[in-house]
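# pasting the sequence and the predicted model now:
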Amino acid sequence: MMAGPKFANELIFRRLGTVAESTGGHLFYSKLAEFFANVLRCKRWLVMRYSRYGAPEFIVNSAMPEKAVESYLRGLYRLDPLLRLVQSGTRRGWFILSRLSHSKFSDTYFDRLFQTSMIYDEAAILLSAPGGSSIAICVERAARKFSHHDIEHVKALYPVIESLHHVHLDRIFTLPSRGGRRKSQDRAQQAVMILDNRCHVVFRNARWKLLERKGQTPDVRSIAEARGTGMRALGTDFVFHWEDLPDTFAVAPGGRFCIIEPRGLGYVRMNIQKALSQFQHRYNLTPRERDIVDLVLQGYPNSKIAVKLGIATGTVRNHRYRLYYKLDITTERELFYTFIDLLLGRNGATANKVE
């Protein structure tokens, strides 16, 4: 009886050793995410970079098909609860998407929309990275939620994964001769420069060097005069931001991490009742049809909608038939996407930029 668990534990330790060996190389996050997925018995995993100012960036994708990626990058990312956490100041920790609790009803509402559009449940570990960003190691399930036992695994793995991540960060900046580091860094959308505590340049990636040759980077002296964490808009499309590094950062203790990146639209900040009113007006819905849209988007089946509205289940079905006819759709999933299009400012709606 003990042979199975013992063998499973040995397998986990061997895989963990492989992850540790890959620190500093371009396969590190891929191996780390695969290890995390194997422990939780998941077949889909992602590694994302979330920024305070820019749009999310895919680092590893073993979960989403090309069309889903396109939809996400076109704007669906603005409903991503992990983006909300990072842009609200939470840069590290572990999270189970289906168990995230919110004080705002709109956040819970939007999380439901995101889940319905993309995944069933997700376990994520957020790892703080220099420059005000976070790396998210995500594993997904399509039909089953994570159990209490799964969550205990996530809690136990979090400090180990975070420590490996810190070692990886130290190595990618202190081992410039490693080809893997170049591959993983130079492919990034963001331009990165690191200054030591005397404001001498100790690292620039290829993107920063390219912008520097074009005369599109800030003067180092002006960066040296800035204090603490800050940001500066570079036109309407780019943002330059920086933060002081801790004394434990190997390549530049007490230095400064600087980033230039494309500015993205942030997490959707819209009052849900206002959004429903806009949806009702755009498609000329009756008050009853608006109520049904509201409850369908919250995940209620026809029987529960009937109870909440005090009408027969058959009446709900009739209302939904007329509603779908007006919207020129045939499925609940299409209803979700039609409503999301309004939230994201598509088809003539007003986009909501986060300041």
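Looks like it arrived, so ask away. Numbers count the residues shown, from 1 in each chain.
# okay, now residue 10: neighbour count?
Other residues within reach of residue 10, judged by other CB atoms under 10 Å, total 10. For the C-beta atoms, the positions are set from N, CA and C on the backbone; glycine is no exception.
# repeat that for residue 93.
14.
# with residue 73 instead?
Counted with other CB under 10 Å, the burial measure for residue 73 works out to 14 neighbours.
# try residue 82
For residue 82, the tally of surrounding residues (other CB under 10 Å) stands at 23.
# next: residue 232.
A total of 14 residues lie near residue 232 under the criterion other CB under 10 Å.
# just read off the phi/psi values of it.
Taking degrees, to the nearest 10, you get phi -150, psi 130 for the backbone angles of residue 232.
# relative to residue 239, how far out is it?
Residue 232 sits 7 Å away from residue 239, going by CB to CB, to the nearest Å.
# quick one: residue 26 and residue 33, what's the gap?
Distance check for residue 26 against residue 33: by CB to CB, it reads 13 Å.
# so which of the two has more stuff around it?
Taking residue 26 and residue 33 together and counting by other CB under 10 Å, residue 33 has the greater number of neighbours (27 against 18).
# for that one, helix, strand, or coil?
Here residue 33 takes the helix state, with states given by DSSP: H, G, I helix; E, B strand; the rest coil.
# likewise the one 4 residues further on?
The three-state label for residue 37, taken from three-state DSSP, comes out as helix.
# show me where the stretch 101-250 of the chain has helices.
Secondary structure of the stretch 101-250 of the chain, counting by DSSP state H, counting those that start in this stretch: helices at 105-118, 148-174, 179-186, 206-213, 220-225.
# can you tell which of those helices is closest to residue 81?
Smallest distance to residue 81 across the helices of the stretch 101-250 of the chain (CB to CB): 5.0 Å, for helix 105-118.
# in the closest one, what's buried?
By neighbour count on 16 or more other CB atoms under 10 Å, the buried set for helix 105-118 is 106, 107, 109, 110, 111, 112, 113, 114, 115, 116, 117, 118.
# quick one: residue 303 is in a helix?
Yes. Following the definition three-state DSSP, residue 303 is counted among the residues of a helix.
# not counting its neighbours along the chain, what's nearest it?
The spatial neighbour of residue 303 that comes closest, neighbours along the chain excluded (CB to CB, 6 or more residues apart in numbering), is residue 313 at 5.5 Å.
# neighbours of that neighbour, just the number please.
14.
# ok, residue 60 next?
Taking other CB under 10 Å as the neighbour definition, residue 60 ends up with a count of 19.
# apart from its neighbours in sequence, what residue is nearest it?
Take residue 60 and drop its neighbours on the chain: the residue closest to it by CB to CB, 6+ apart is residue 47, 3.8 Å away.
# model confidence for residue 301, exactly?
We have a pLDDT of 91 for residue 301.
# let me fix that: residue 312
The per-residue pLDDT reported for residue 312 equals 95.
# contacts for stretch 42-51, please.
The list of residues contacting stretch 42-51 from outside it, by CB atoms under 8 Å, 6 or more residues apart in numbering, reads 29-30, 32-34, 36-37, 56-64, 82-83, 86-87, 123, 126, 129, 131-142, 188, 190, 261, 264.
# re earlier: for the residue nearest to residue 60, what are phi and psi?
Dihedral angles phi and psi of residue 47 (degrees, to the nearest 10) take the values phi -130, psi 120.
# run a quick neighbour tally on it.
Each residue near residue 47 was counted by other CB under 10 Å, and the total is 23.
# one more: residue 50?
Every residue meeting other CB under 10 Å relative to residue 50 is counted, giving 24.
# go on, residue 217?
For residue 217, the number of neighbouring residues by other CB under 10 Å comes to 20.
# show me what contacts it?
With contacts defined as CB under 8 Å, 6+ apart, the neighbours of residue 217 are 191, 193, 208, 211, 260.
# so the third one makes contact with residue 191?
Yes. In this structure residue 208 lies within contact range of residue 191 using CB atoms under 8 Å: 3.9 Å.
# hey, what's in contact with both of the two?
What both residue 208 and residue 191 touch, as defined by CB under 8 Å, 6+ apart, is the set 217, 260.
# quick check, residue 61 in contact with residue 68.
No. The criterion here is CB under 8 Å, and residue 61 misses it with residue 68 at 9.5 Å.
# buried ones in stretch 206-215?
Per 16+ other CB under 10 Å, stretch 206-215 contains these buried residues: 207, 208, 211.
# could you dump the residues you listed into a markdown table and include pLDDT and distance to residue 342?
Written out in a markdown table, the entries for these read as follows (pLDDT from 0 to 100; distance: CB to CB, whole Å):
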| residue | pLDDT | distance to residue 342 |
| --- | --- | --- |
| 207 | 92 | 35 |
| 208 | 94 | 38 |
| 211 | 93 | 36 |
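# out of the residues you listed, the closest to residue 21 would be?
For residue 21, the closest of those turns out to be residue 207, at 27.9 Å, with distances computed as CB to CB.
# leaving out sequence neighbours, find the closest residue to that closest one.
Counting by CB to CB, 6+ apart, the nearest residue to residue 207 once its immediate chain neighbours are dropped is residue 191, at 4.0 Å.
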